[in-house]
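J.: got a structure for you, letters missing:
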């Protein structure tokens, strides 16, 4: 239900909104355009000064090099497996935990929320070596679980905070009504609460996926074998000691981003409705 | 509620226990290691970045193939290392410090032995091959590969820096190839005035190890040094060192080098030279191939010489770059690892490198051998006449020392610190680093 | 909106195996205890995973920060315990500089992202058919691998062929953006803001849509202006969401690593050396384990203190009225 129709006094907003929208879109898109156009330029054109707005000679060489010589395909597969698994697990666990901590059943829920926050403040560099030791003893190095488990653990605090925030607003009358109907706890949760948590689920889903997709230090250290490397680590292999092949790196990242872009564009309605659903009348 | 809490605590305790039990495999000390090649089939892993071949490709697989001709029972598996040296080292040290038995052999920078020896991340090999194995390498390289006489690295290839110039422009304006820095400054100014180039001399001045290399060279040119011979005291406040810094700073303030030098690393300087914007370039040996390569706008118009020096000095200096093979002290295949690493430094491998590689072989004789002459590469021909000056890499705290040099060096170049102030701060930073107390 | 009644939970510990407590007004009845057990069952998997993975490394790191550590063949050997590492930190000018830069960076980027994110969220909320496209577009910077984002901006800021350099060159002498302290810091912030504003905007958007129509109608009836409505109606409702966004952005910004690492390596000089970069250098470049752990732990303490203060200031709203 679009709000603009209801608020007549806000009409003057509409123009400002559209203009702002255009400005935002342009500012967002400019660096992206630069990313894409650079990936289509040959190496000789990259180093030109002043830089060229349109590629003077289109080439797909960079993409070819990225996939053929640098095994980008394998890295993408690994990244997808790790990121999707992490996201699914985080969604499930954080939803349940967020729900449990949103109600008033658990004593010490404030302490738990605060502890989760405190655990997140630790910089990744500090936990790298002890985590490596831990994984080595458990034989988890160079494997998918070796990355998925830490990723889940490090994304959960934020996810739980977000989920709890959305679920806190659900009045207990809904739950009680459901229980009086004879539904068990699981039914209540899945059919009543879950749909209400959609904005939270979408937010957590998007953030967890992108965080796992981009993570570098742990992937570099734990999965050093080629068959398990992820995209960020793969990109770190591009070039030699003295060269940073911008064109190839950008080609690889365009290739890595295109699937996400397609997914987001195809599902944009669901994402929007997911993010903007569930207004809780209060 | 209680049940779940208990499970929770038990789970956490269990993990802590698991983590605490270190399942480090039995380690044999170096004295017990076999020195003969292994019998039977063995596979080892080799952690290495790209080794440039002369046509811009990668030499790693072909090197292994050559190795297998002599030792068919040893299979070598490549694990590609990150191309950035620092990232490479980070990943490596995390694994080895945690006791990982792989990689068995790793290709490491020539600047690592000091630090790696202290932290027990590499194997001392004197007892395995004898110290005179290393007599085949130049003096500077021997110094770099060892700590107090104990060797940790089997040199594979070295790198030296050269001075590239636009011979077409010099000819066009009837100018001589500059042999001293003062001449460089003059000639650069004249060339910039003609408008054929935007600036004179491109070198690396960013906040990174490359600046330490440049500084070491300029300081040696001036007759000074960054540290004393024992590597126990800084000497950056000596007049020779200050002269070097004065000169470097003047390059930027006089416009002979662009202000962007403060952010230049090797790639940027190459772009400046190969793109025709700079008349002179200081860079490693690979720059020759790039300058004459298909993407360069100055292909065929380039000359190569040793780096100039200051008026009144006669030695031309270059710092020592390069990479060599180290043996992981936790390796489970010491015999195979030793065979492979030492083979790479042997005559066979070095001659192969001379013929097929785009780098300078470490072995002194290979550099002046018939194979080298047949390649007709100016880098080979010129390298023999260059005096190698190592960076102070033999100290265990070299990364910190280098950081003191390049951070303060960059400040001096950019004018945020004066030469006197900057060199003095540098001395304090280095002194603190040598004590192991620098942060 | 808060759920249910506003009674305080009992502070007396209950639990299976004890005698049933006498009935109290805010009683923990048997039903309550069953519900509590169920709730723990829901929360336990997540909490277990977090605890199992993070507690050991964190404790290990904290312990090492108080130790003089030597790296040897058998791993890390602790030679002695003490406050030496922290003393070294407090005496290190570099550490203070890193701290100053990190705080400055955090404050500025979080503030700007908050303001911009709010604006973007407001615009997104009011867009009609194009909302989906805009959202998709905004997600792309956020979905870029952080290292790649840093490389992109490095290319844009490059002193020779960077677009930004060319652009500024139109107005006079082109600056060496990454070579001077102030432009380098600003450039870093711009790169971060470009990538991260979508994050804040999306969180705020999802919070914005939770605000029911009635509030807006009531405000309109009262004759409130746009600005007043925003300030008095929207913001208070949005505070829990805002709190989360700010909290986690502070966490992330304080640990900024990828951008300065790729763009400037902490330079020029040490102008953009953040605490995380300094920690990385000490830990992995110098292989100085004790002080490195001390940098990490002190960073964590500072951020934790900041977050706790922040939470205390917004206590009621943060708990969603669950006082």
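T.: Alright, I've got the coordinates. Treat the numbers as computed from the prediction; the structure is a model and nothing was measured. Residues are numbered from 1 along each chain as shown, chains lettered A, B, ... in the order given.
J.: Going by C-alpha atoms from here, please, whenever you check contacts or count neighbours.
T.: Fine.
J.: can you tell me which residues contact whichever residue of chain B sits closest to chain A?
T.: Residue of chain B nearest chain A, by CA to the nearest CA: residue B:82 (4.5 Å). Applying CA atoms under 8 Å, 6 or more residues apart in numbering or on different chains, one finds that residue B:82 lies in contact with A:233, A:236, A:237, A:238, B:49, B:88.
J.: Swap in 10 Å and give it another go.
T.: A:220, A:224, A:233-241, B:47-50, B:88-92 (CA atoms under 10 Å, 6 or more residues apart in numbering or on different chains).
J.: same question, residue C:278
T.: So, once contact is read as CA under 10 Å, 6+ apart, residue C:278 ends up touching B:439, C:94-95, C:98-99, C:257, C:266, C:270, C:284-285, C:292, C:295-296.
J.: what separates it from residue C:293, distance-wise?
T.: In this structure, residue C:278 lies at 11 Å from residue C:293, with CA to CA, to the nearest Å as the measure.
J.: May I ask which helix or strand of the chain has the lowest mean pLDDT?
T.: This is for chain A. helix A:172-180 (a mean of 63; mean pLDDT, DSSP states H and E).
J.: before we move on, the earlier item: now, the contacts of residue B:82 that are in strands?
T.: Of the positions in the contacts of residue B:82, B:47, B:48 sit in strands, assigned by DSSP state E.
J.: Next step: the contacts of residue B:82 restricted to helices.
T.: For the contacts of residue B:82, membership in helices holds for A:220, A:233, A:234, A:235, A:236, B:88, B:89, B:90, B:91, B:92, with DSSP state H as the criterion.
J.: Okay, residue B:161 and residue B:308: tell me how far apart.
T.: From residue B:161 over to residue B:308 the distance is 11 Å, taken as CA to CA.
J.: list residues touching both of these two?
T.: B:282, B:317, B:318.
J.: Around the last one, how many other residues sit close by?
T.: A count of neighbours around residue B:318, defined by other CA atoms under 10 Å in any protein chain shown, yields 29.
J.: so what's it scoring on pLDDT?
T.: On pLDDT, residue B:318 comes in at 94.
J.: what residues does the host helix or strand of it touch?
T.: Taking DSSP states H and E as the criterion, residue B:318 maps to strand B:317-319. If you take CA under 10 Å, 6+ apart as the criterion, strand B:317-319 is touched by B:140-141, B:159-163, B:212-221, B:284, B:306-309, B:383, B:385-391.
J.: Repeat the analysis, applying 7 Å as the threshold.
T.: Here strand B:317-319 makes contact (CA atoms under 7 Å, 6 or more residues apart in numbering or on different chains) with B:160-161, B:213, B:216-217, B:220-221, B:307, B:386-391.
J.: Put the buried members of the residues you listed into a ChimeraX selection.
T.: Only the buried entries of the contacts of strand B:317-319 go into this ChimeraX selection, using 16 or more other CA atoms under 10 Å in any protein chain shown:
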select /B:160,161,213,216,217,220,221,307,386,387,388,389,390,391
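J.: So which of the contacts of strand B:317-319 sit within strands?
T.: Filtering these for membership in strands, criterion DSSP E, returns B:161, B:387, B:388, B:389.
J.: Include pLDDT and distance to residue B:395 when you put these into TSV, please.
T.: Formatted as TSV, the entries for these read as follows, by pLDDT from 0 to 100; distance: CA to CA, whole Å:
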residue	pLDDT	distance to residue B:395
B:161	95	23
B:387	90	21
B:388	90	18
B:389	91	15
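J.: How many neighbouring residues does residue C:79 have?
T.: Residue C:79 has 9 neighbouring residues, counting by other CA under 10 Å.
J.: shaky segments in chain B?
T.: Scanning chain B for pLDDT under 70 picks out the ranges B:1-27.
J.: domain assignment for it?
T.: B:36-152+B:321-383, B:161-319+B:391-434 (automatic domain parsing).
J.: May I have the distance across the longest one, first residue to last?
T.: Spelled out, it's domain B:161-319+B:391-434. So domain B:161-319+B:391-434: terminal residues 27 Å apart, CA to CA.
J.: follow-up on the earlier one: closest to residue B:411 out of the shared contacts of residue B:161 and residue B:308?
T.: Lowest distance from residue B:411 to the shared contacts of residue B:161 and residue B:308 (CA to CA) belongs to residue B:282, with 20.5 Å.
J.: The closest one: how many residues sit nearby?
T.: 25.
J.: Ok, residue B:176 next?
T.: If we define neighbours as other CA under 10 Å, then residue B:176 has 12 of them.
J.: Check the secondary structure at it for me.
T.: Recorded secondary structure, residue B:176: coil (DSSP: H, G, I helix; E, B strand; the rest coil).
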